[in-house]
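>>> The sequence and its predicted three-dimensional model are supplied below.
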Amino acid sequence: MESQKLVEKNFNRKVGATIILVKRKILNLTLVNCYFLKTGEAPLPSAHLIGFSHAYRPVNQLIKQTTLLIDLTKSEEQLLKELHRTNRKQIRQATKFDFQIEIIDQPTIANIREFQSFYNEFAVNTNTYKCGAFHVKTMELLTESNNLLITRIVNGFSNEILGYQVYITDKETALSLYSASHFRLKNDSIDKRMLSIASRYLTWQNILYFKGRKNLIYDMGGLTTNENIRNFKMEFGGEISEVYSGYETTSLLGKLVLWGRTIKLRKG
């Protein structure tokens, strides 16, 4: 792959102080999930356990990660120019297929369940974590606050769903939460090629959708150590930036829950 010169630095976010909070109660445990924490925001609500996802500033002992941020204030021409040449080629080729993109900006429970079924089949074949009941409930709560958006690409000829992408979004940021296709289920090279094109085309059209909606930042959802996934994301341009994720607690109950979670993760 032709290397891209990306500078690792904090993205200069010219945005206001918005934050997405999802609060739930599990038995006697109060849990708050916090997305997009930025500098200068009000104190967080009290809870036994606070989970941070893609905080743009460090909080205590959160884990530092890297993500890829695309500046949606750039022109469409500039965004296209910054794509890797493979992406530009496949996006052009996408016009030869009968692709239909569906944007579900107010997902129903049925929409979430349909995605869960598709994603879990993907997870089995990629040896990754499944989308379980906890994750489904999180998406339901994000829907209630109007912060969840689902997109999918469909083969217009066969009506087969080729891929899904799920986003957490506010007025500023669109964060890719899930992305899935059944590439590994296809044995035919032509079908694999079509799915590769469809995945890139869906991502590009989503970038343009959020740009048109006046979002400022498209967040690719984190750069993993999986070389294929990392390369796929970096071929869309953008700048590498630091984000922080993890949990914070000061309560005994919260500490016990985190201890149990650590044991469970170690066991796989």
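Received it, and whenever you're ready, just let me know what you need.

>>> Let me see the domain layout of this protein.
20-65+244-266, 68-239 (automatic domain parsing).

>>> for residue 179, phi and psi?
Residue 179 has phi and psi values of phi -150, psi 130 when expressed as degrees, to the nearest 10.

>>> From residue 99, how far out is it?
When CB to CB, to the nearest Å is the yardstick, residue 179 and residue 99 sit 16 Å from each other. Quick note: C-beta positions are derived from backbone N, CA and C, even for glycine.

>>> Just the strands from the stretch 101-250 of the chain, written as ranges.
Under the criterion DSSP state E, counting those that start in this stretch, strands of the stretch 101-250 of the chain are mapped to 148-155, 160-169, 173-181, 217-219, 239-248.

>>> how about these, which one is nearest residue 128?
strand 173-181 (9.5 Å; CB to CB).

>>> which outside residues touch the closest one?
Judged by CB atoms under 8 Å, 6 or more residues apart in numbering, the contacts made with strand 173-181 from elsewhere in the structure are 15, 35-36, 53-54, 115, 118-119, 122-123, 131, 149, 162-169, 195, 198-199, 203, 206, 210, 215-221.

>>> at 7 Å what do you get?
With contacts defined as CB atoms under 7 Å, 6 or more residues apart in numbering, strand 173-181 is touched by 36, 54, 118-119, 122, 162-169, 195, 199, 210, 215, 217-221.

>>> And for stretch 145-164?
Residues from elsewhere that reach stretch 145-164, judged by CB under 7 Å, 6+ apart: 20, 98-105, 107, 111, 115, 118-119, 139, 142, 165-170, 178, 180-181, 195, 198-199, 201-202, 206.

>>> Any of these buried? List them.
A residue is treated as buried here by neighbour count (16 or more other CB atoms under 10 Å); on that basis the buried members of the contacts of stretch 145-164 are 20, 99, 101, 104, 107, 111, 115, 118-119, 139, 142, 165-170, 178, 180-181, 195, 198-199, 201-202, 206.

>>> how much space between the most centrally placed residue in the chain and residue 149?
Central residue check for the chain by CA atoms, centre = their mean: the C-alpha nearest the mean position is that of residue 176, 1.8 Å away. Separation of residue 176 from residue 149 (CB to CB): 10 Å.

>>> in the stretch 1-150 of the chain, which spans are helices?
With DSSP state H, counting those that start in this stretch as the definition, the stretch 1-150 of the chain shows helices at residue ranges 76-81, 85-93, 109-126, 133-144.

>>> quick check, distance from the first one to the centre of its chain.
Here the centre of mass of C-alpha atoms in helix 76-81, compared against the chain's by CA atoms, centre = their mean, to the nearest Å, lies 22 Å away.

>>> again, but for stretch 89-98
Distance of stretch 89-98 from its chain centroid, counting by CA atoms, centre = their mean, is 24 Å.

>>> how many other residues sit next to residue 249?
The burial count assigned to residue 249 is 18, neighbours taken as other CB atoms under 10 Å.

>>> For it, give me its contacts.
Applying CB under 7 Å, 6+ apart, the residues contacting residue 249 are 48-49, 255, 258.

>>> what does residue 208 give?
Contact analysis of residue 208 by CB under 7 Å, 6+ apart lists residue 76.

>>> at 10 Å what do you get?
The neighbourhood of residue 208, defined by CB atoms under 10 Å, 6 or more residues apart in numbering, consists of 72, 76, 79-80, 218.

>>> Which among those residues count as buried?
Looking at these with 16+ other CB under 10 Å, the buried ones turn out to be 72, 79-80, 218.

>>> Out of those residues, which two sit at the greatest distance?
Among those, the pair separated by the greatest distance (CB to CB) is 80 and 218, at 13.7 Å.
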